[in-house]
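Enquirer: build me a structure from this.
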Amino acid sequence: MLKRIKDLRIDHDLTQAKVAEAIGITQRKYSYIETGTQNLDETILAALADFYGVSTDYILGRTNNPAPPKDMQ
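Expert: Numbers count the residues shown, from 1 in each chain. Below you'll find the predicted structure:
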């Protein structure tokens, strides 16, 4: 999961600060989440999924298909 969060950020050519700002948290908190120092809570998980346009299951590593479910698009 942590690798997927970092990979999404890098694939979109974004800094931790840009992602953090977009989802409404500090860069430090985002860094802690990305490195596993702090747990990813459901609010931030949902915000990241919305931001990247992927499913929460994709971020969690439960699927390799990044597309959100059809009823969520």
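
Enquirer: host element of the closest residue to residue 37 other than its chain neighbours?
Expert: Of all residues not flanking residue 37 in the chain, residue 31 sits nearest, at 7.8 Å (CB to CB, 6 or more residues apart in numbering). Where C-beta positions appear, they are placed from N, C-alpha and C, glycine not excepted. Residue 31 is part of helix 27-35, with elements assigned from DSSP states H and E.

Enquirer: buried residues in the following helix or strand past that helix?
Expert: Next in sequence after helix 27-35, counting helices and strands by DSSP H and E, comes helix 42-52. For helix 42-52, the neighbour count (16 or more other CB atoms under 10 Å) marks 44-45, 47-49, 52 as buried.

Enquirer: nearest to residue 60, of those?
Expert: Residue 60 has its nearest neighbour among the buried residues of helix 42-52 in residue 45, at 7.4 Å by CB to CB.

Enquirer: quick check: that closest one touching residue 60?
Expert: Yes - using CB atoms under 8 Å, residue 45 is in contact with residue 60, at 7.4 Å.

Enquirer: pLDDT weak spots in the protein?
Expert: 69-73 (pLDDT under 70).

Enquirer: how about the contacts made by the most centrally placed residue in the chain?
Expert: Nearest to the geometric centre of the chain sits residue 48, at 3.6 Å (CA atoms, centre = their mean). Counting by CB atoms under 8 Å, 6 or more residues apart in numbering, residue 48 touches 5, 8, 19, 23, 40, 59.
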